[in-house]
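Asker: For reference, the sequence and a predicted model appear below.
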Amino acid sequence: QLMLVESGGGLVQPGGSLRLSCKASGIALEYYAIGWFRQAPGKEREGVSCISRTSASTNFADSVKGRFIISRDNANKTVFLQMNSLKLEDTAVYYCAAAMKPYSFCSAYDYEYSYWGQGTQVTVSS
């Protein structure tokens, strides 16, 4: 059974940076594509970024392009989301999710993912 644990959230001022981590346990991470999602109060969950099994494919929501970077370290079973130039509207609970899919798979649709972490709060405030 694959388990995911997010960490790295916190309170940051606008323009600041945070790096989120998604640590997997139970099964080798290289068999899974990973997506990052977020949900702000009163809003639907949205896809933020994804990375394919070998890192060959990545995607970003338009709202975070040029500011967020996704990467993965399969040997250490961890996926990272580097968030720079944070804005007030980035405030949300951030979740990572895993999907056992073909090598090139990378999707922003939450229904594609079978395993989810518990989330980590990111608050951007002055």
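Answerer: Yes, it's here. Numbers count the residues shown, from 1 in each chain.
Asker: Count the residues that sit near the residue nearest to Arg67 when sequence neighbours are not counted.
Answerer: The spatial neighbour of Arg67 that comes closest, neighbours along the chain excluded (CB to CB, 6 or more residues apart in numbering), is Ser85 at 4.7 Å. The way it works is simple: take the backbone N, C-alpha and C, and place the C-beta from them, glycine included. Ser85 is flanked by 13 other residues according to other CB atoms under 10 Å.
Asker: Also Met100?
Answerer: Counted with other CB under 10 Å, residues neighbouring Met100 total 14.
Asker: what's it in contact with, if anything?
Answerer: Going by CB atoms under 8 Å, 6 or more residues apart in numbering, Met100 touches Tyr31, Tyr32, Ala33, Ser114.
Asker: mind redoing it with 7 Å?
Answerer: Tyr31, Tyr32 (CB atoms under 7 Å, 6 or more residues apart in numbering).
Asker: Then Gly15?
Answerer: By CB under 7 Å, 6+ apart, Gly15 lies in contact with Ser85, Leu86.
Asker: In terms of helices and strands, where is it?
Answerer: Using DSSP states H and E, Gly15 sits in no helix or strand.
Asker: show me where this structure has strands.
Answerer: For the chain, strands defined by DSSP state E occupy the ranges 3-7, 10-12, 18-25, 33-39, 46-51, 58-60, 68-73, 78-83, 92-99, 115-116, 120-124.
Asker: if we compare these, which one ends up closest to Ala108?
Answerer: Proximity to Ala108, assessed across the strands of the chain by CB to CB, is greatest for strand 46-51 (2.9 Å).
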